[in-house]
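> Sequence and predicted model, in that order:
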Amino acid sequence: MSLSVTDTYFCGNQIKAVAALANLELSGPASYEHFKDNKEPAFLAKFPHGKIPSFESAEGFKLFEGYAIARYGECLLSVI
């Protein structure tokens, strides 16, 4: 599962906490530069709004907005 977020974005920490509780392994870009990387054509092809945080599951399911991603992780946690 892939997560694009800046280190200083508070909601990103919430998402990471929920992922840790659900034993989900998140990966992301090695370095992320806001207002640059999220404007790249490859990023915009997946997330047309160019917003972060952005999430893509192993199955290709995509979400953006921190609360929605954290809520999705919470749903996975309740299934376990």
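That came in fine, so what should we check first? Numbering: from 1, shown residues only.
> quick one: Leu24 and Met1 touch, right?
Yes - assessed by C-beta atoms under 8 Å, Leu24 is found in contact with Met1 at 6.0 Å. Quick note: C-beta positions are derived from backbone N, CA and C, even for glycine.
> Need the distance between the two termini of stretch 15-31.
One end of stretch 15-31 to the other measures 18 Å (C-alpha to C-alpha, to the nearest Å).
> ok, and what's touching that stretch?
1-5, 37, 53, 55, 66, 69-70, 73-74, 76-77, 80 (C-beta atoms under 8 Å, 6 or more residues apart in numbering).
> For it, buried residues please.
For stretch 15-31, burial by neighbour count (16 or more other C-beta atoms under 10 Å) applies to 15-16, 18-19, 22, 24, 28.
> what ranges do the helices span in this structure?
In the chain, the helices defined using DSSP state H lie at 10-21, 41-46, 66-79.
> so for stretch 70-80, what's the average pLDDT?
Average pLDDT, stretch 70-80: 80.
> how many neighbours does Ala45 have?
Ala45 has 8 neighbouring residues, counting by other C-beta atoms under 10 Å.
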